[in-house]
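Novice: Provided below for reference: sequence and predicted model.
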Amino acid sequence: MNKSKVYKGFFVISLVCFSTILLLGFIIVNQRKKNKSREWTKGESPYGREIEPGYFVPVLSKTIFFSDSIQLNSDISVVFEDVKITKEGCIRIVVDSQADGYSLYAVVNGKRKCIVPGIRAAKYEASIQLVEGNNDIELYAIDSEDIPTDSVFLHVVSDTVAPKLEMDEDYRLYHTKEKTVSISGTVDDCDKLMIDGIEYAVKNGRFNCDLDITTGSETIGHTFMVIAQDKAGNASGYMGCAEYIAPVEDRALGLLMVILCMILCLGVVYLYDVIKNNRLDDGEISRSQKKRRNSKRVSWRYDVQGIVCNVIELLIPIAIILILFKGIFCLSVVQSGSMEPTLMTGSTVVYNRLDKTLNRGDIVAFISDEYYGEIFSKRIIGIPGDRIEFKDGNVVINGDILDEKGYLSADVETLPMYKGMIYNVPKDCYFMLGDNREYSADSRIWNDPYINNSKIIGTYVGPIMEAKYDKR
């Protein structure tokens, strides 16, 4: 055996491995430098009116209580809204008159105003307008002869300003490498702070909580809502979406393992060829063949033509691999839990670049401009020309409920980010959703909800390396 060629094989393999590690290291460093800020579009949240990106005014249910009936005289009585502090800017009253000719008056902080003039024998609903802050109210009626009835006095505080809620970070499309996310911020004039329906303490105007973004054993992601409410019932809200992203090092490790396995296979084939072609058994090769073999060995060290031949021998398998994975297949690492349990976070999967026949239900890899060119995996839900809306937890396409039993559990609900949103998929574009509907950042919340056909890399073939996560 020619030891020089064996050494050459080991040298080439080591060089390629070292270059691969350097390349992946460069990718990791550049990935860390990317700015993760995101854009957000305004709309109508199912929980209230959005006032600025992420922040909205919650729609909270309210029960109205009224006081007992109070007689102003024998002919007229009133019932008023039983509140000490209100956010409405007014209080409601109900007047029950048994005679004609009365007029109802209210004096608010010394300013008199007729509330209901010319009362007839009937029931009337009215309201007393308040000023911001304290309101001292006197309520009475005057008959047709300008004789006043008895008065009712009450004190009401009007507070129409919602608590000022401000988050420390932008959590609208928040990606983290941890399975918990720390949510913090400041709030002024807050009586109660709720995060996902659980009350948290506010100390010196600040709040903080750690949310577990894992659900069950596998799902990784969390959509959460923060609501700050004052004593009057004014509320401020914030909605965020935290999603686990596999660390860059873990993603690169998956690709590194695949590439190294390919290089190892090439090395084994190359060394086998070296051993086979350097056998000097007289029974296998003739003297002339030995002579040509020896001349080739000399050419490896001294002859330019021999060096070129050896380089070509090395480049051919590398070119084949590049053609396979640049022109035919695409290797990608699943970055988040938005497609779980179909695609597990951290798994290395293969996509077919040549399959351009895109159908509803296909899983595809695509380049996201919104996420600075990262490769994401989603399922095609809407194709060009579709009209998509959401009703009762279902996806409705062109008026028909989409059957997703093949890849979703029966108890999974698909809810819109904004109430009443309707999507009309334009030409050459697709509407994407993740299988992990509750925790997927997809077409429902992207700035541009549609992915152009030119951004789609290929359709899903299958996994090469499946990731498994600790169930803790």
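Specialist: Now that the structure is in, tell me what you want to look at.
Novice: Walk me through the domains of this structure.
Specialist: 3-32+248-313, 70-83+88-158, 162-244, 334-465 (automatic domain parsing).
Novice: Please work out the average pLDDT along the longest one.
Specialist: Which is domain 334-465. Mean pLDDT, computed over domain 334-465, is 88.
Novice: can I get the domains of the chain in CSV with mean neighbour count and distance to residue 55?
Specialist: C-betas here are computed from N, CA, C, even on glycine. CSV is the format used below for these (neighbours: other Cβ atoms under 10 Å; distance: least, Cβ to Cβ, whole Å):
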stretch, mean neighbour count, distance to residue 55
domain 3-32+248-313, 13, 29
domain 70-83+88-158, 16, 22
domain 162-244, 17, 5
domain 334-465, 17, 14
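Novice: Take those domains and write them to CSV, including distance to residue 324.
Specialist: As requested, the domains of the chain are exported to CSV (distance: least, Cβ to Cβ, whole Å):
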stretch, distance to residue 324
domain 3-32+248-313, 9
domain 70-83+88-158, 68
domain 162-244, 31
domain 334-465, 10
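Novice: Phi, psi for residue 317 please.
Specialist: When read as degrees, to the nearest 10, the backbone of residue 317 gives phi -70, psi -30.
Novice: what about it, how many neighbours?
Specialist: 15 (other Cβ atoms under 10 Å).
Novice: where in this protein is pLDDT low?
Specialist: Counting by pLDDT under 70, the chain contains low-confidence ranges at 1-54, 56-64, 173, 214-222, 244-308, 310-311, 313-314, 371-372, 418, 467-472.
Novice: Mind jotting down where the helices sit in it?
Specialist: 3-32, 248-277, 287-301, 304-323 (DSSP state H).
Novice: for the domains of the chain, which one sits closest to residue 328?
Specialist: Minimum separation from residue 328 across the domains of the chain (Cβ to Cβ) falls at domain 334-465, 5.8 Å.
Novice: From start to finish, how long is the closest one in a straight line?
Specialist: Across domain 334-465, the terminal residues are separated by 11 Å (Cα to Cα, to the nearest Å).
Novice: same deal with stretch 193-212?
Specialist: So stretch 193-212: terminal residues 18 Å apart, Cα to Cα.
Novice: Quick one: closest of the domains of the chain to residue 320.
Specialist: domain 3-32+248-313 (9.5 Å).
Novice: what sits against the closest residue to residue 124 other than its chain neighbours?
Specialist: Excluding the flanking residues, the one nearest residue 124 by Cβ to Cβ, 6 or more residues apart in numbering is residue 95, at 4.4 Å. Taking Cβ atoms under 8 Å, 6 or more residues apart in numbering, we find residue 95 in contact with 76-78, 104, 116, 119, 123-126.
Novice: out of those residues, who's nearest residue 373?
Specialist: When the contacts of residue 95 are compared against residue 373 (criterion: Cβ to Cβ), the nearest one is residue 125, at 60.2 Å.
Novice: Leaving aside the residues adjacent along the chain, what's closest to the closest one?
Specialist: residue 94 (5.6 Å).
Novice: so the one you found touches residue 116, yeah?
Specialist: No: the criterion here is Cβ atoms under 8 Å, and residue 94 misses it with residue 116 at 10.5 Å.
Novice: Any figure for the gap between the residue nearest to residue 124 and residue 71?
Specialist: 12 Å (Cβ to Cβ, to the nearest Å).
Novice: Which neighbours do those two have in common?
Specialist: Applying Cβ under 8 Å, 6+ apart, one finds that residue 95 and residue 71 are jointly contacted by residue 77.
Novice: what sits against residue 55?
Specialist: With Cβ under 8 Å, 6+ apart, residue 55 has these contacts: 165, 236-238.
Novice: Please read the previous query as pertaining to residue 166.
Specialist: Residue 166 neighbours (Cβ under 8 Å, 6+ apart): 185-187.
Novice: Next: residue 338.
Specialist: 221, 243, 376-378, 434-436, 439-442.
Novice: could you dump the residues you listed to a markdown table with distance to residue 342?
Specialist: Shown next, in a markdown table, are these (distance: Cβ to Cβ, whole Å):
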| residue | distance to residue 342 |
| --- | --- |
| 221 | 14 |
| 243 | 16 |
| 376 | 14 |
| 377 | 9 |
| 378 | 11 |
| 434 | 9 |
| 435 | 5 |
| 436 | 9 |
| 439 | 14 |
| 440 | 11 |
| 441 | 16 |
| 442 | 14 |
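Novice: between these, which is nearest residue 461?
Specialist: Once Cβ to Cβ is applied, the member of the contacts of residue 338 that ends up nearest residue 461 is residue 377, at 11.8 Å.
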